[in-house]
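1. One predicted model, sequence on top.
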Amino acid sequence: MKEYIICSNDKVPHVRMEFANAMLYIKPYFDVDVDLSLELMDILNNLNNDTDRDVLEAVEHTDYELLS
């Protein structure tokens, strides 16, 4: 899991975008671990300030899907 979280700070925008996209698939498996789930959501929240447009779109889509 640590390697996955590190991807959220990668210098390559596509890696950060894929981090956000993958959250839709992995987060449900970690909902029982409240601390980890909150950490993942904090990271996703921090990606809302990313400078890359594709990353921002991926984060917005992921936010929308997780809240639906």
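-> The structure has been received and is ready for your questions.
2. drop to CA atoms for contacts and neighbour counts, all remaining ones
-> Will do.
3. what pLDDT does the spatially most central residue of the chain get?
-> Central residue of the chain (Cα atoms, centre = their mean): Ala20, 3.4 Å from the mean position. We have a pLDDT of 96 for Ala20.
4. Now do the contacts for it.
-> 8, 44, 55, 58-59, 62 (Cα atoms under 8 Å, 6 or more residues apart in numbering).
5. 7 Å instead, please
-> Ala20 makes contact with 44, 58-59, 62, according to Cα atoms under 7 Å, 6 or more residues apart in numbering.
6. Then Asp31?
-> So Asp31 contacts Ser37 (Cα under 7 Å, 6+ apart).
7. if I look at it, how far off is Asp50?
-> 25 Å (Cα to Cα, to the nearest Å).
8. Next, the buried residues of stretch 47-64.
-> Buried residues in stretch 47-64, defined by neighbour count with 16 or more other Cα atoms under 10 Å: 47-48, 50, 55-56, 58-60, 62-63.
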